[in-house]
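Visitor: what follows is a protein structure lacking sequence information:
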């Protein structure tokens with residue numbers, strides 16, 4: 001009984017992973033966007049969000065880190 005449950009779980013996981021891979025490939029193909037290396041984009045995909053991306057905010061902790069890192 002226990003062995004059959006394990007086999008079922010393995011098979012289900014394999015089928016689910018395969019379906020997810022196929023779905024991801026088809027969505028990528030449908031949108032036409034990918035991160036392939038090209039002269040025009042350098043492999044970077046640009047999003048369409050209007051939000052400003054903040055990568056660094058000047059704080060006392062960061063100043064201390066950069067001072068010690070030098």
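Guide: Received, thanks. Note that the structure is predicted; figures quoted are calculated from it, not measured.

Visitor: what about residue 68, how many residues close to it?
Guide: Look at residue 68: counted by other CB atoms under 10 Å, it has 7 neighbours. Where you see a C-beta, it was placed from the backbone N, CA and C, and this is true even at glycine.

Visitor: give me the contact list for the host helix or strand of it.
Guide: Applying DSSP states H and E as the criterion places residue 68 in helix 60-69. Outside of helix 60-69, the residues within contact range by CB atoms under 8 Å, 6 or more residues apart in numbering are residue 56.

Visitor: give me the neighbour count for residue 55.
Guide: 4.

Visitor: so what's it up against?
Guide: Contacts of residue 55 (CB under 8 Å, 6+ apart): none.

Visitor: quick one: it and residue 10, what's the gap?
Guide: Plainly put, residue 55 is 42 Å away from residue 10 if you go by CB to CB, to the nearest Å.

Visitor: how far does the helix holding residue 68 sit from the chain's center?
Guide: Remark: helix 60-69 is offset 30 Å from the chain centroid, using CA atoms, centre = their mean, to the nearest Å.

Visitor: give me the longest helix you can find in this structure.
Guide: Across the chain, the helix with the greatest residue count (assigned by DSSP state H) is helix 2-31.

Visitor: residue 48 in helix, strand or coil?
Guide: coil (DSSP: H, G, I helix; E, B strand; the rest coil).

Visitor: what's the pLDDT at it?
Guide: Predicted confidence (pLDDT) for residue 48: 85.

Visitor: now do the phi/psi pair for it.
Guide: phi -110, psi 20 (degrees, to the nearest 10).

Visitor: quick one: buried residues of the helix holding residue 68?
Guide: By neighbour count on 16 or more other CB atoms under 10 Å, the buried set for helix 60-69 is empty.
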